[in-house]
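Asks: my questions are about this predicted structure, shown below with the sequence.
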Amino acid sequence: MDWIERVSRKVISWFSQREVKTPLSFFFRIVGAVTITVLIAIYLADPAFRFRIFLTAIAVLVFLTVVVALFAWFRPKNLVYGESGHRAELKLSLGTENSEIEPSDLAAMKGAPNPKALSDGGGAA
């Protein structure tokens with residue numbers, strides 16, 4: 001029975017804790033949710049409706065596949081681009097960020113320790 005508890009906790013955390021960062025991760029989450037929902041529905045449904053539920057699930061998954069394929073064809077960058085990427089690009093386009101940092105400038109910058117790592121005891125003494 002311990003494995004049932006572990007699986008149920010994993011499923012619950014899968015639906016509630018992790019934040020969706022990109023459209024692609026959203027589609028992965030939806031495919032998993034549809035699959036789990038359909039498996040439960042097929043198990044609990046009347047045998048006369050099981051095949052109809054299965055066909056509906058296949059249609060939903062095919063629709064999601066087509067949507068992701070169209071998205072990837074016409075806007076591939078936006079499929080994996082998260083909120084932080086959009087914000088950084090918007091800053092550049094609005095002129096609030098002066099320019100992109102060149103690799104040579106980035107290499108010349110002085111490093112700073114991560115404050116969180118220091119507070120956790122992970123930094124050098």
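Replies: Looks like it arrived, so ask away. Everything quoted here is computed from the prediction, not taken from an experiment.
Asks: hey, let's count contacts and neighbours off CA atoms from now on
Replies: Noted.
Asks: measure the residue nearest in space to the middle of the chain to residue 101 for me?
Replies: The residue lying closest to the centre of the chain (Cα atoms, centre = their mean) is residue 25, at 2.6 Å. Separation of residue 25 from residue 101 (Cα to Cα, to the nearest Å): 29 Å.
Asks: for residue 31, pull up the helix or strand it's in.
Replies: Using DSSP states H and E, residue 31 maps to helix 23-44.
Asks: need the contact partners of that helix.
Replies: 20, 50, 53-54, 57, 61, 64, 68, 78-82 (Cα atoms under 8 Å, 6 or more residues apart in numbering).
Asks: show the buried residues in the residues you listed.
Replies: 50, 53, 54, 57, 61, 64, 68, 79, 82 (16 or more other Cα atoms under 10 Å).
Asks: make JSON lines from those residues and add distance to residue 105 and secondary structure to it.
Replies: Shown next, in JSON lines, are the buried ones among the contacts of helix 23-44 (distance: Cα to Cα, whole Å; DSSP: H, G, I helix; E, B strand; the rest coil):
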{"residue": "50", "distance to residue 105": "62", "secondary structure": "helix"}
{"residue": "53", "distance to residue 105": "58", "secondary structure": "helix"}
{"residue": "54", "distance to residue 105": "57", "secondary structure": "helix"}
{"residue": "57", "distance to residue 105": "52", "secondary structure": "helix"}
{"residue": "61", "distance to residue 105": "47", "secondary structure": "helix"}
{"residue": "64", "distance to residue 105": "43", "secondary structure": "helix"}
{"residue": "68", "distance to residue 105": "38", "secondary structure": "helix"}
{"residue": "79", "distance to residue 105": "30", "secondary structure": "helix"}
{"residue": "82", "distance to residue 105": "25", "secondary structure": "coil"}
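Asks: fine by me, thanks again.
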